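**Q** Fold the following for me, if possible:
(one chain, ligands or ions: 3)
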Amino acid sequence: MTLIFIDMDNFKYIKDSSGYRAGDQLLIEVARRLLLVAGKDIVVSRLGSDEFVLVAENLSDAAISGFQTKLLESFRAPFDIQDHRFYVTCSAGVASYPKDGGCFDELLQNADNAMYQAKKLGKGELSRFSPEMKKLAVARIQLHNRLQDTKDHDAFSLDFQPQVDCRSGRLRGAEVLLRWNDAEMGQVPPDRFIPACEETGLIAPIGRWVLTHACRDLKRLRPPPDLDFVISINVSVVQLMQHGFEQEVLDILQHENIDPRQIELEITETQLMGVFEAGSQRLRTLMDAGLKIALDDFGTGYSSLTYLRRLPLDTLKLDKEFIRNLHREQNDRHLIGSIIQIAHDIGLEVVAEGVERPEQRTILDDAGCNWLQGYMIGRPMSAAALETFLKDWRGFV
Ligand code: C2E
Ligand code: CA
Ligand code: CA
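**A** Ligands and ions are numbered 1, 2, ... in the order given. Below you'll find the predicted structure:
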């Protein structure tokens, strides 16, 4: 027997932003498509909420791959429900009897673990269970417990990484990067603990803490007055879709006496896809209030130009994966050139991140890139170190 655990990506936001009616209707349509994909040999059941469990006779690896392809294809077309258009993807985890579990509960648990790993790979992925995942699940629980224990925010701190003009080196501002130094586990990289904060809902209070403290650091930094110094803050879509997020941001800025034009919010492309409509409305409100909006990690996800035009954006951040081989790969160079051209055509500025080498800067400059961020200019550093950096930085000479 093979068990496939399927969970919709972003269903909660769809439901929160469009209402239960639309959510219910969407679930019905999703179930219809799953039934078509499953065919007559696979039993489809709904576990609850947006979770489905499919049961089949033992499926070969080839059959599972085939299933994944069909699943992806069937969800490619959007769902039109009431007045909304939803783009939905599902993540799937697979466990087979007897190698992945001796009873139903164990199989379900392990298919769920595999599904969780699929989510980490991105949206619309499928993973097969492996014993390694069980270890990861245990580590995850430990991480959750440690985070819940972090009652005050003493264990958190902020780093800043400068951004400068690609040609002259004139300062633009800095990206704020959250750090967590846990008493038991030591420094935990954000790529590990941010997802855990999102799952536990802790991202809301932590996100407020980040914004508040970034504002305070900004005031203390007192960048040269002739600079329009911008602080870029990462916002997870879980925060963005929280009720009243826009107002909360504006309240914090007002309370901390910070001009909204000094703040940029970075939101990753892949996260935004599932909440496109409601998400863009919220970003629009913030943009109208003066904040800048940046699309983060561009180039890792769908990178659809249609989306790019329809989203309220000021800035496009080219992902570091894109920059890495720039000095070696002719093709990457052409691609970057075209992307920057298109970004400029629709009125966006471009920040390249992960710039480590002078050759990369030269190529980016030739391609018309506006701003740079990366080890070549400065590693993420404390607010105090940034203050020194601001004093000493002379630009490119
Ligand atoms: P990101 O937004 O893509 O941040 C850039 C990451 O690239 C940072 O990793 C930074 O240290 C790293 N980086 C910068 N320059 C270079 C370079 O030249 N070469 C290389 N190889 N890497 C470079 P970090 O600090 O580990 O952050 C990882 C991710 O955690 C961030 O990715 C962001 O998505 C998330 N994150 C960090 N702080 C926050 C936060 O306050 N809130 C939220 N929601 N997410 C955060
Ligand atoms: Ca970022
Ligand atoms: Ca990024």
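
**Q** Now do the buried residues in stretch 239-253.
**A** 239-242, 245-246, 248-250, 252-253 (16 or more other C-beta atoms under 10 Å). C-beta coordinates here come from the backbone N, C-alpha and C atoms, glycine included.

**Q** Include pLDDT and secondary structure when you put these into a markdown table, please.
**A** A markdown table is the format used below for the buried residues of stretch 239-253 (pLDDT from 0 to 100; DSSP: H, G, I helix; E, B strand; the rest coil):
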| residue | pLDDT | secondary structure |
| --- | --- | --- |
| 239 | 94 | helix |
| 240 | 95 | helix |
| 241 | 92 | coil |
| 242 | 90 | coil |
| 245 | 96 | helix |
| 246 | 97 | helix |
| 248 | 97 | helix |
| 249 | 98 | helix |
| 250 | 98 | helix |
| 252 | 98 | helix |
| 253 | 98 | helix |
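
**Q** now those residues in CSV, with distance to ligand 1?
**A** As requested, the buried residues of stretch 239-253 are exported to CSV (distance: C-beta to the nearest ligand atom, whole Å):
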residue, distance to ligand 1
239, 7
240, 10
241, 13
242, 12
245, 12
246, 16
248, 15
249, 13
250, 18
252, 14
253, 16
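
**Q** Out of these, which is nearest to residue 78?
**A** Nearest to residue 78 among those, counting by C-beta to C-beta, is residue 241 at 18.9 Å.

**Q** correct me, but that closest one touches residue 18?
**A** No: the criterion here is C-beta atoms under 8 Å, and residue 241 misses it with residue 18 at 11.3 Å.

**Q** Return every residue with contacts to both of the two.
**A** Jointly contacting residue 241 and residue 18 under the rule C-beta atoms under 8 Å, 6 or more residues apart in numbering are residue 278.

**Q** How about the contacts made by the residue in the stretch 1-150 of the chain that ligand 2 sits nearest to?
**A** In the stretch 1-150 of the chain, the residue that lies nearest ligand 2 is residue 122 (16.8 Å; C-beta to the ion). If you count contacts by C-beta under 8 Å, 6+ apart, residue 122 has them with 270, 301.

**Q** Distance check, it against residue 290.
**A** 33 Å (C-beta to C-beta, to the nearest Å).

**Q** Kindly report the same for residue 67.
**A** As judged by C-beta to C-beta, residue 67 and residue 290 stand 48 Å apart.

**Q** quick one, which of the two is more surrounded?
**A** For the pair residue 67 and residue 290, the greater number of neighbours falls to residue 67 (22 against 13), based on other C-beta atoms under 10 Å.

**Q** Surely that one is within a helix?
**A** Yes: counting by DSSP: H, G, I helix; E, B strand; the rest coil, residue 67 is located in a helix.

**Q** Quick check, it in contact with residue 6.
**A** No: using C-beta under 8 Å, residue 67 is not in contact with residue 6, being 10.4 Å away.

**Q** Neighbours of residue 298, how many?
**A** Counted with other C-beta under 10 Å, residues neighbouring residue 298 total 24.

**Q** I figured it hits residue 317, correct?
**A** Yes: counting by C-beta under 8 Å, residue 298 touches residue 317, with 5.9 Å between them.

**Q** The stretch 1-150 of the chain: helices as residue ranges?
**A** Under the criterion DSSP state H, counting those that start in this stretch, the stretch 1-150 of the chain contains helices at 11-38, 61-74, 104-121, 131-149.

**Q** What of the stretch 151-300 of the chain?
**A** Under the criterion DSSP H, counting those that start in this stretch, the stretch 151-300 of the chain carries helices at the ranges 190-200, 203-221, 237-240, 245-255, 269-273, 276-288.

**Q** gap between the closest residue to residue 336 other than its chain neighbours and residue 179?
**A** Take residue 336 and drop its neighbours on the chain: the residue closest to it by C-beta to C-beta, 6 or more residues apart in numbering is residue 367, 5.4 Å away. Separation of residue 367 from residue 179 (C-beta to C-beta): 32 Å.

**Q** out of the two, which sits in the busier spot?
**A** In this view residue 367 and residue 179 are compared by other C-beta under 10 Å, and residue 367 has more residues nearby, 21 against 16.

**Q** Could you tell me the phi and psi values at the more buried one?
**A** Backbone torsions of residue 367, given as degrees, to the nearest 10, read phi -80, psi 0.

**Q** before we move on, the earlier item: which of the helices of the stretch 151-300 of the chain comes out lowest on mean pLDDT?
**A** When the helices of the stretch 151-300 of the chain are ranked by mean pLDDT, helix 269-273 comes last with a mean of 83.

**Q** Can you give the distance from it to the centre of its chain?
**A** On the basis of C-alpha atoms, centre = their mean, to the nearest Å, helix 269-273 is displaced by 7 Å from the centre of the chain it belongs to.

**Q** is that helix anywhere near ligand 2?
**A** No: Helix 269-273 does not reach ligand 2 (C-beta under 5 Å from the ion); its nearest approach is 11.2 Å.

**Q** Please enumerate the shared neighbours of residue 298 and residue 317.
**A** With C-beta under 8 Å, 6+ apart applied, the contact sets of residue 298 and residue 317 do not overlap.

**Q** which residues of this protein score low on pLDDT?
**A** 151-153, 302 (pLDDT under 70).
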